[in-house]
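**Q** Below are the sequence and a predicted model for it; my questions follow.
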Amino acid sequence: MDATISRVNRSKEDARASYNRLSRWYDVIAGSTEKKYRDWGLEKLSARPGESILEIGFGTGHCLVSLAKAVGPTGRVVGVDISDGMLSIARERLRSEGLIDRVDLHLGDAAKLDFIEAGSLDGVFMSFTLELFDNPEIPRVLKECHRILKPGGRLAVVSMTKTNPPGMAVRMYEWFHKHMPNYADCRPIFARQSIEQSGFVIQDVSVSSMWGLPVEIVLGKKA
Ligand SMILES: C[S@@+](CC[C@H](N)C(=O)[O-])C[C@H]1O[C@@H](n2cnc3c(N)ncnc32)[C@H](O)[C@@H]1O
């Protein structure tokens, strides 16, 4: 049995620099592979007209576009991402879709969400981002999500997940994460368990596989 999660040793500055370099190529490298899982997560979150939704680690902004369409002209979307390269691309995408007025984009570390008022949001969305935070930060980020949601608010997370015992693909990925952290910056985590331990009531979990790696799509609710 192996219930440990690999640590993340790089600094936030290194994370920013790495995603800045990657931003122009991100859609080519990861876009089409990850789309199916992102869309699945959005479906579970099911944002409605008039709602206020936060996306953490919005990347090139595809989900911000979907969320802004879903909340409509009376709703609000907030995005936070650590990379200014990603933010520029997302902003351009929202502008070209005519949706920029519905979205507030913040540059920064999502481990610090103190610019968002407690109990102010209907939903939080994260895809392929929770697994980038170091072990002590995962519960911190999730507790911040809990704090900023209204009672009954939803959290949808799409994440690479560790199985116990870990399969071959997980062990290979962990090896890459350890030895080439700049190329494999994320690693499988126990997503559902972390969400539950941070005070959410689990509503729904789907488990799928991406290149043999387990992916969990989890919907949690603030009681
Ligand atoms: C793997 S990408 C996923 C992008 C997008 N969610 C998607 O599914 O296409 C991770 C994103 O999280 C951002 N990120 C990494 N560390 C972050 C942090 N500490 N705070 C906020 N965003 C972060 C990166 O800049 C990047 O845009």
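**A** Noted; the coordinates are in hand. Numbers count the residues shown, from 1 in each chain.

**Q** Residues of this protein that sit close to the ligand?
**A** Contact residues (Cβ under 6 Å from any ligand atom) of the chain with the ligand: 12, 15, 19, 34, 38, 56-59, 80-83, 86, 109-111, 127-129, 132. For glycine as for every other residue, the C-beta is placed from the backbone atoms N, C-alpha and C.

**Q** List only buried entries from the residues you listed.
**A** 15, 19, 34, 38, 56-59, 80-83, 86, 110-111, 127-129, 132 (16 or more other Cβ atoms under 10 Å).

**Q** then stretch 89-98 to PDB, C-alphas only?
**A** C-alpha atoms of stretch 89-98 as PDB (Å, rounded to 0.1, in the frame of the first residue of the first chain):
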ATOM      1  CA  ILE A  89      -4.100  34.600 -23.600                       C
ATOM      2  CA  ALA A  90      -7.300  34.100 -21.500                       C
ATOM      3  CA  ARG A  91      -8.100  37.800 -21.600                       C
ATOM      4  CA  GLU A  92      -7.700  37.800 -25.400                       C
ATOM      5  CA  ARG A  93     -10.000  34.800 -25.700                       C
ATOM      6  CA  LEU A  94     -12.600  36.400 -23.600                       C
ATOM      7  CA  ARG A  95     -12.400  39.700 -25.600                       C
ATOM      8  CA  SER A  96     -12.800  37.900 -28.900                       C
ATOM      9  CA  GLU A  97     -15.800  36.100 -27.500                       C
ATOM     10  CA  GLY A  98     -17.300  39.400 -26.300                       C
END
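
**Q** and that stretch, which residues are buried?
**A** Those buried within stretch 89-98 under the rule 16+ other Cβ under 10 Å are I89, A90, R91, R93, L94.

**Q** Closest to the ligand out of those residues?
**A** A90 (8.5 Å; Cβ to the nearest ligand atom).
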